[in-house]
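> Build me a structure from this.
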Amino acid sequence: MSNWKLCTATAVAVVVLSVSIWAQVPANPAPSSPLQIRPPAPVETVVATVGDDKITSTELDNAVQGQLRGRTAPPEVLANLRKAFLESMIQNRLITQFVAAKNIKVEASEVEKTIADIKKRLAEVGADMAAVLQSEGLTETTLRERISQDMAIEKYVKSEVTDQKAEAYFNEHKQDFCIPKVRASHILLAYEPQSPAEEKKAANDKIAAIRQEIVNGADFGEAAKKYSACPSKEQGGDLDFFTRDQMVKPFADAAFGMKPGEISQPVETQFGVHLIKVTDANSGEVTFAEAKDNVLNALYQQTLEKAAEEQRKVTKVEVVN
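Residues are numbered from 1 along each chain as shown. Here you go, the predicted model:
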């Protein structure tokens, strides 16, 4: 499936299966009694309809709990999570309906191979597929249907997004795929966020004095070796090339806001206070071959979103409060 991800029913189902593995150890049951009356099965609640398709509370709860993985969440976080998952499920239903109308053929052998792969993965961790499916209210038949739907979606998207279209898109949006990098050296005087104000002030005063030494002609690398608390001091503070998201925000903002040769004012992060010297920079331009996976991912996502939008125009979507 290349490197792209379809946020579709099978993806959710497989995640649910994987999460369920760890819940297979039963709790110690209470002693049975001949007078014990089993409570009635809970009534399934519909939380949304997409055309003739229904999304149930069980489906939504399973998706949310799979994300939480046993952790608790504040009520407002849980509410936002449920809202996001429900919208994702609605999108999935719309996409599935849109592609179903295209009558794309999926071979049974393709589905069976995926089923076999799932069974193998479950067996590797000692889980039985039938038991896991039952615990999630699924059957092999419904799982096969979902896998077939997802494969049809994949085939549709790949038929819409050719290499030629991807390259043309890349040529029109090259800037979107650039990953700018800078190379910088730094000097760190370390302290903790909870350190006393006096300690922080002393470090800031000291690094300001170090900066003045460098401005007056001292070598930055030698100053790093002498003063820095970072292991990079052994290389004169050199951090090599890095992207913006590889550094904490205050550090990245300072480094990417300078030109090669410039030295920053003191920059505070959770690690302490830094002096930064940018030594090199590049725009991060890449070739189509280098960016191809990212370009395809972007176009695949656009294609799915467009399919959902088109289907929504002709489908009644209702969220049940």
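> how distant is stretch 151-158 from the center of its chain?
22 Å (Cα atoms, centre = their mean, to the nearest Å).
> Stretch 95-115 too?
That offset, for stretch 95-115, works out to 26 Å (Cα atoms, centre = their mean).
> Mean confidence (pLDDT) on stretch 259-266, please.
Mean pLDDT, computed over stretch 259-266, is 98.
> what distance separates the start and the end of that stretch?
16 Å (Cα to Cα, to the nearest Å).
> Any chance you could list what contacts that stretch?
Outside stretch 259-266, the residues within contact range by Cβ atoms under 8 Å, 6 or more residues apart in numbering are 204, 207-208, 211, 214-215, 220, 254-255, 258, 273-281. Bear in mind the C-beta positions are built from the backbone N, C-alpha and C, glycine included.
> and stretch 248-261, how far from the chain's centre?
25 Å.
> Show only the entries of the contacts of stretch 259-266 found in strands.
Members of the contacts of stretch 259-266 lying in strands (criterion: DSSP state E): Val273, His274, Leu275, Ile276, Lys277, Val278, Thr279, Asp280, Ala281.
> of those, buried ones?
Buried by 16 or more other Cβ atoms under 10 Å: Val273, His274, Leu275, Ile276, Lys277, Val278, Thr279, Ala281, out of the ones in strands among the contacts of stretch 259-266.
> CSV for those, including distance to Gly66?
Shown next, in CSV, are those (distance: Cβ to Cβ, whole Å):
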residue, distance to Gly66
Val273, 42
His274, 40
Leu275, 46
Ile276, 42
Lys277, 47
Val278, 44
Thr279, 46
Ala281, 42
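> List just the nearest of the residues you listed to Glu112.
Ala281 (52.7 Å; Cβ to Cβ).
> Strands of the stretch 151-300 of the chain, start to end?
Ranges of strands in the stretch 151-300 of the chain, per DSSP state E, counting those that start in this stretch, are 181-190, 238-243, 267-269, 272-282.
> The stretch 1-150 of the chain now?
46-50, 53-56.
> Now the last one: average pLDDT?
It stands for strand 53-56. 94.
> For Glu167, which non-adjacent residue is spatially closest?
Distance criterion Cβ to Cβ, 6 or more residues apart in numbering; nearest residue to Glu167, sequence neighbours excluded, is Phe288 at 5.2 Å.
> Surely the one you found and Val295 touch.
Yes - in this structure, Phe288 is within contact of Val295 by Cβ atoms under 8 Å, at 7.2 Å.
> Among these two, which residue is more densely surrounded?
Val295 (23 against 16; other Cβ atoms under 10 Å).
> how much space between the more buried one and Ser283?
Separation of Val295 from Ser283 (Cβ to Cβ, to the nearest Å): 18 Å.
> Could you pull up the residues touching Leu94?
Val50, Ala307, Ala308, Gln311, Arg312, Thr315, Val317.
> Contact partners for Glu213?
Counting by Cβ under 8 Å, 6+ apart, Glu213 has contacts Ala223.
> Alright, calling it a day.
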